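A predicted structure for the sequence below; I have some questions about it.
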Amino acid sequence: MPTPWEALLPFALVTIMFGAGGTLLNVSQRAKNQWKPPRYDIDSWDTVMMRRDKLLTGHARGQVVSQNCIPSYTLRTRSPLF
């Protein structure tokens, strides 16, 4: 049975568009997470740590090494983080 050559062009276009769409989705998700892979199975501890990181650095994925925190952080932590 002969190959329908005229069907290969749409098949190639659809395949390329799926690949480009998946790549753009992956890049956009990593870009908003500071180029780190997305988090899965986030429990309450992870939620508290992400809130703490957001208060310290301004981003939920940001982490700092210094032991000094900003002055307003001590005022905000008097209420529970949950």
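It's in. Everything numeric here is computed off the predicted structure, so don't read it as measured data.

could you use CA atoms for every contact and neighbour count after this?
Noted.

ok, and for stretch 50-70, which residues are buried?
Buried residues in stretch 50-70, counted by 16 or more other CA atoms under 10 Å: Met50, Arg51, Arg52, Asp53, Leu55, Leu56, His59, Ala60, Arg61.

give the rounded mean pLDDT of the host helix or strand of the fourth one.
By that I understand Asp53. Asp53 belongs to helix 44-57 when assigned by DSSP states H and E. Averaging pLDDT along helix 44-57 gives 85.

and that helix, C-alpha only, in PDB?
Below are the C-alpha coordinates for helix 44-57, written out as PDB (Å, rounded to 0.1, in the frame of the first residue of the first chain):
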ATOM      1  CA  SER A  44       1.800  21.500  55.700                       C
ATOM      2  CA  TRP A  45       5.500  21.700  56.700                       C
ATOM      3  CA  ASP A  46       6.400  22.600  53.100                       C
ATOM      4  CA  THR A  47       3.700  25.300  53.100                       C
ATOM      5  CA  VAL A  48       5.000  26.800  56.300                       C
ATOM      6  CA  MET A  49       8.600  26.800  54.900                       C
ATOM      7  CA  MET A  50       7.500  28.400  51.700                       C
ATOM      8  CA  ARG A  51       5.700  31.200  53.600                       C
ATOM      9  CA  ARG A  52       8.900  31.700  55.700                       C
ATOM     10  CA  ASP A  53      11.000  31.800  52.500                       C
ATOM     11  CA  LYS A  54       8.600  34.300  50.900                       C
ATOM     12  CA  LEU A  55       8.900  36.600  54.000                       C
ATOM     13  CA  LEU A  56      12.700  36.400  54.000                       C
ATOM     14  CA  THR A  57      13.500  36.600  50.300                       C
END
